[in-house]
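> missing the sequence, but the structure's below:
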Ligand SMILES: CC(C)(COP(=O)(O)OP(=O)(O)OC[C@H]1O[C@@H](n2cnc3c(N)ncnc32)[C@H](O)[C@@H]1OP(=O)(O)O)[C@@H](O)C(=O)NCCC(=O)NCCSC(=O)C[C@H](O)C(=O)O
Ligand SMILES: [Mg+2]
């Protein structure tokens with residue numbers, strides 16, 4: 001994964017220990033699959049998950065971008081995870097609980113782009129430096145862990161994390177890398193998912209991490225420009241003269257033209 005390519009809108013976690021999910025993922029429209037070796041996998045199934053991950057990646061996921069989430073730096077599982085990744089064709093490694101640039105070092109040796117997860121108060125303050133590391137191509141918000149670290153009441157109210165969420169987007173943008181929103185846990189709440197995905201888009205995220213196949217299509221829709229947005233962008237680009245001007249009752253300048261062009265480029269993905 002590079003920062004030049006179109007960013008993934010939908011990033012689906014697939015537990016490495018779930019053979020059915022690893023298979024099912026082949027037919028899903030997620031832009032990036034993240035095969036998980038960390039929190040989705042019980043401690044007594046880590047070895048089995050690594051082996052299943054290797055077999056699945058070697059068998060290939062045609063037309064899909066693939067990442068693997070390893071265990072966190074400092075955990076004793078991580079070394080075995082990294083060893084299991086050698087020689088695999090991956091688009092990214094997802095590194096959880098990155099609190100400092102030094103946490104990237106054990107994974108850096110793989111030479112694979114890193115998506116760094118920001119999931120603790122310490123990481124929020126360090127996010128700018130983490131995002132600026134040359135190996136990092138994006139930040140992922142880990143909001144379950146962050147809510148836990150912040151000692152928020154159960155039920156995870158995103159508004160209590162708004163400063164943290166916006167800091168993740170700011171840090172990513174300041175460093176010129178991608179930003180991806182956290183997961184939505186309520187599996188059967190389609191309306192709540194759609195609202196949170198739309199909010200993520202409004203906050204500036206490039207895409208959202210997911211936990212279930214039912215979230216993929218609504219997520220792709222939320223992060224794709226709508227027909228109305230495309231029409232408005234086309235009209236804005238066509239009307240642009242350079243500098244400040246009136247357009248459809250508002251002022252536009254060159255940055256609005258650039259944003260409209262970027263939207264049209266994204267629509268043509
Ligand atoms: C959450 C789940 C445990 C729910 O499982 P279940 O109730 O069994 O799902 P369904 O019966 O509704 O599944 C229907 C079919 O879809 C397949 N499936 C389910 N989930 C996935 C998936 N993630 N990828 C691919 N396929 C999936 C099932 O196999 C069924 O298939 P079929 O037999 O053909 O009908 C489960 O969804 C799940 O495990 N999700 C992923 C959980 C996960 O990865 N968690 C870790 C990442 S989230 C995180 O850690 C965030 C971050 O770090 C933070 O701090 O916030
Ligand atoms: Mg987490």
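All right, it came through fine. These figures come from a predicted structure and were not determined experimentally. Numbers count the residues shown, from 1 in each chain. Ligands and ions are numbered 1, 2, ... in the order given.
> for the residue sitting nearest the centre point of the chain, which non-adjacent residue is closest in space?
What sits nearest the mean C-alpha location of the chain, by Cα atoms, centre = their mean, is residue 180, with 3.4 Å. Nearest in space to residue 180, with sequence neighbours left out and distances taken as Cβ to Cβ, 6 or more residues apart in numbering, is residue 140 at 4.6 Å. Quick note: C-beta positions are derived from backbone N, CA and C, even for glycine.
> residue 216 is in contact with residue 209, isn't it?
No. Residue 216 is not in contact with residue 209 according to Cβ atoms under 8 Å; the separation is 11.4 Å.
> any shared contact partners between those two?
residue 12 (Cβ atoms under 8 Å, 6 or more residues apart in numbering).
> the more surrounded of these two?
residue 209 (28 against 19; other Cβ atoms under 10 Å).
> read off the pLDDT value for that one.
As predicted, residue 209 sits at a pLDDT of 98.
> in its sheet, which strands sit next to the host helix or strand of it, and in what direction?
Secondary structure assignment for residue 209, by DSSP states H and E: strand 207-210. Strand 207-210 pairs in its sheet with strand 10-15 (parallel), strand 178-181 (parallel), by DSSP bridges.
> which residues are contacting it?
Counting by Cβ under 8 Å, 6+ apart, 7-13, 30-32, 34, 140-141, 178, 180-184, 196-197, 200, 216, 219, 222-223 sit against strand 207-210.
> what residues are up against whatever residue of the stretch 101-250 of the chain ends up closest to ligand 1?
Proximity of the stretch 101-250 of the chain to ligand 1 (Cβ to the nearest ligand atom) peaks at residue 144, 3.1 Å away. Each residue near residue 144 by Cβ under 8 Å, 6+ apart is listed here: 119, 156, 182, 183, 185.
> which parts of stretch 214-229 are buried?
215, 216, 218, 219, 220, 222, 223, 225 (16 or more other Cβ atoms under 10 Å).
> name the residues of this protein found near ligand 2, please.
119, 142, 145 (Cβ under 5 Å from the ion).
> isn't the second one up against residue 117?
I take that to be residue 142. Yes. If you go by Cβ under 8 Å, residue 142 and residue 117 touch, sitting 4.5 Å apart.
> overlap in contacts of these two?
The contact lists of residue 142 and residue 117 share 96, 97, where a contact means Cβ under 8 Å, 6+ apart.
> so, low pLDDT: which residues of the protein?
Residue ranges of the chain with pLDDT under 70: 4, 156, 269.
> quick one, strands of it?
10-15, 32-36, 65-69, 92-95, 114-118, 136-141, 178-181, 207-210, 245-247, 250-252 (DSSP state E).
> got the ones you listed as TSV, with distance to residue 22 columns?
Formatted as TSV, the strands of the chain follow (distance: least, Cβ to Cβ, whole Å):
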stretch	distance to residue 22
strand 10-15	6
strand 32-36	7
strand 65-69	11
strand 92-95	16
strand 114-118	19
strand 136-141	20
strand 178-181	21
strand 207-210	15
strand 245-247	49
strand 250-252	47
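> before we move on, back to that, for the strands paired with strand 207-210, which one sits closest to residue 50?
For residue 50, the closest of the strands paired with strand 207-210 is strand 10-15, at 12.2 Å, according to Cβ to Cβ.
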